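>>> here's a sequence, model it:
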Amino acid sequence: MIFLRYENWRSYLRYYPVTCLILAANIAMFIVLWLNGGSTNPETLVKYGAMVDFGPFAAEQWRLFTAMFLHNGFNHLFSNSFAILVFAPPLERMLGHWRYALLYLGSGLVGNAISMGVYRLDSTLHISVGASGAVYGVYGAFLYIALFQRQLMDTSSRKTLYSLLMVGGVYSLLIPQINLAAHLGGLVGGFFIYGLIIRLLKRR
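Okay, the predicted model is just below:
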């Protein structure tokens with residue numbers, strides 16, 4: 001079962017440095033938000049890089065990147081950080097550090113870009129933050145592995161992955177505040193980015 005974590009913290013830091021940096025960035029930015037108006041304050045979120053589909057902020061493409069490291073409330077931070085902490089490490093081991101970073105960030109950018117495109121189709125004003133697109137990019141990579149590289153994933157891990165995707169899909173549909181487009185975009189992005197990486201950026 002590749003999703004069970006047996007490492008102590010020292011081993012975790014040594015084996016998964018990129019995952020640790022991502023978690024540290026999420027926590028650090030949450031503290032910054034908390035000290036400057038609160039992580040649920042719309043003005044604070046916009047000031048520090050949330051995605052926005054109205055006014056001059058909508059043209060600022062850098063927000064597609066910064067929004068990945070911001071979270072709306074502690075529960076939002078906890079759920080995404082838990083997913084990264086538990087499910088991302090096996091992918092960092094499989095891909096190597098910099099290729100894993102490329103997939104994580106690329107998936108997050110794809111998910112955020114698709115969600116912004118969807119948001120602009122209606123007249124509602126949106127402010128969006130979160131690592132969910134990148135997290136679903138990790139799931140998308142594992143879905144590719146489960147379907148096309150079955151020797152890399154045991155049966156229990158495949159069942160766990162499929163359960164995660166089913167529960168996540170239902171949850172994304174039922175909870176209005178969840179950015180469904182970012183989840184689907186990140187999932188598709190991670191699936192195809194992983195396929196490209198293993199073909200174009202092969203490990204030595």
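>>> report the buried residues of the longest helix along the chain.
Ranked by residue count and defined by DSSP state H, the top helix of the chain is helix 97-119. For helix 97-119, a neighbour-count test (16 or more other C-beta atoms under 10 Å) marks 99-116, 118-119 as buried. (Glycine included, C-beta is placed from N, CA and C.)
>>> what's downstream of it, the next helix or strand?
Downstream of helix 97-119, the first helix or strand assigned by DSSP states H and E is strand 127-128.
>>> each with direction, which strands does that following strand pair with?
If you go by DSSP bridges, strand 127-128 pairs up with strand 51-52 (antiparallel).
>>> list the contacts for the residue nearest the centre of the chain?
For the chain, the residue nearest the mean C-alpha position is Ala134 (2.1 Å; C-alpha atoms, centre = their mean). Contacts were defined as C-beta atoms under 8 Å, 6 or more residues apart in numbering; by that measure Ala134 touches Met68, Tyr104, Leu105, Ser107, Gly108, Gly111, Gly186.
>>> Val86 now?
Phe3, Arg5.
>>> buried set for the helix or strand containing it?
Following DSSP H and E, one finds Val86 within helix 74-87. Using 16+ other C-beta under 10 Å as the test for burial, helix 74-87 gives His76, Leu77, Ser79, Asn80, Ser81, Ala83, Ile84, Leu85, Phe87.
>>> among these, which pair sits farthest apart?
Farthest-apart pair in the buried residues of helix 74-87 is His76 and Phe87; separation 16.9 Å (C-beta to C-beta).
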